[in-house]
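> okay, here's the prediction I keep looking at, along with the sequence it came from:
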Amino acid sequence: MSDFLSMYSIQYWLESCPQGYLMNTEFGHAPGEKEPDLLLANELLRTETIRTTVQLVMGERCALAASSGLINAAPDEASKRFLATQTLDEARHVEVFTQRLYDLGVKKPDLEDTLQQYANPNLVKFAEILLEKVDKKDFVAGVVGQNVILEGMAFSVFEMMQSLSRELNPKFANTLAGTIADERRHVGFGENRIGSLIREHPEKKPEIERMQRDMSYYMLATFADSFRNNPMQAEMDRIEAASGGARHATYQGVDLAQMAPEEMEKVLADTVLKEFKIRLGRIGIEYQTPRRP
Ligand SMILES: [Fe+2]
Ligand SMILES: [Fe+2]
């Protein structure tokens, strides 16, 4: 428990996060960094980037509601304090991705309408399954849903987006770097805290396994909607051909820039599901294979 206390204390959080990798950042990136002109001037790319960023805001709003809601359900003081730091992390994520929508040209009074217009219905269902557990103050299921499933997904999605942005959009890649570091801490907490609780409450396993399978299905459906029939990749290929330069984006040992969207979808889905299996195995939950949309 002493390791647990120091790794997940507010003191550790202060030193590593606000006084560490977030020092001298502005909305998560270096001051003065901007979205690339190429993106802002191309209506198709701008619209699709707004659509993608809306999913990030929706996911982070869910994470904020879940981590704050779980504070009062937590059985011990150390977990409550960790979740308080996580609550601030998630609020920051909501803020930096919302700020990105403004940077992409969304007007402040139009924010909620933009979120409603572009939010993926499958991602909304994914969030509802988790928030139902949180509303019932079900700490064990809530932490598995939030810190293993939602954040395992977020972590892999952010890493993929970061590798796609590194060359073309350093501002966004830098914003993602801080959120990835945060999510790594959150995922670690889920694994470390929840294993012993599941051993104490083996009767909760079937319900948690069902939640994992359902959330995984809606996650895959969200990926399918995002990659299939997405005009962004073709537009990027057209721009690349016109400029004569070749992009590269290494992720999980492959070059995403040279892949078709369906291949990228498969790499992402396989990466996330493999992670789920490993992490759930460590906390004693049997991974359930979801239907494929
Ligand atoms: Fe987050
Ligand atoms: Fe998180």
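Nice, I can see it. Ligands and ions are numbered 1, 2, ... in the order given.
> whichever residue of the stretch 101-250 of the chain sits closest to ligand 2 sits in which helix or strand?
As assessed by C-beta to the ion, ligand 2 sits closest to H186 within the stretch 101-250 of the chain, at 3.9 Å. Just so you know, the C-beta spots here come from the backbone N, C-alpha and C atoms, and that holds for glycine as well. Assigned by DSSP states H and E, H186 belongs to helix 170-200.
> report the angle between the helix or strand just after that helix and helix 170-200.
Per DSSP H and E, the first helix or strand lying C-terminal to helix 170-200 is helix 205-227. Interaxial angle, helix 205-227 versus helix 170-200 (axes from the mean of the first three to the mean of the last three C-alpha atoms, to 10 degrees): 160 degrees.
> packing partners for helix 205-227?
Applying 3 or more C-beta pairs under 8 Å, 6 or more residues apart in numbering; DSSP states H and E, one finds that helix 205-227 makes contact with helix 43-71, helix 121-135, helix 139-143, helix 261-282.
> in the stretch 51-200 of the chain, which residue sits closest to ligand 1?
H93 (3.9 Å).
> I figured that residue was touching T179, is that so?
Yes - counting by C-beta atoms under 8 Å, H93 does reach T179; the two are 5.4 Å apart.
> now R185: how far from L123?
Per C-beta to C-beta, to the nearest Å, R185 is found 23 Å from L123.
> typo on my end, it should be D214
D214 is 13 Å from L123, by C-beta to C-beta.
> more neighbours: which of those two?
L123 (22 against 19; other C-beta atoms under 10 Å).
> contacts only, for that one.
Q55, M58, G59, Y218, T222 (C-beta atoms under 8 Å, 6 or more residues apart in numbering).
> my read: the last one touches A127, true?
No - applying C-beta under 8 Å, one finds T222 not in contact with A127, separated by 10.3 Å.
> so what pLDDT did R228 get?
R228 is assigned 88 on the pLDDT scale.
> burial count for it?
11.
> now swap in the one 10 residues further on and tell me
Neighbour count for R238, taken as other C-beta under 10 Å: 11.
> do L56 as well
Applying other C-beta under 10 Å, I find that L56 has 23 neighbouring residues.
> what sits against the nearest residue to it once chain neighbours are set aside?
Nearest residue to L56, sequence neighbours excluded (C-beta to C-beta, 6 or more residues apart in numbering): F97, at 4.4 Å. Residues in contact with F97 (C-beta under 8 Å, 6+ apart) are T53, L56, V57, E60, T175.
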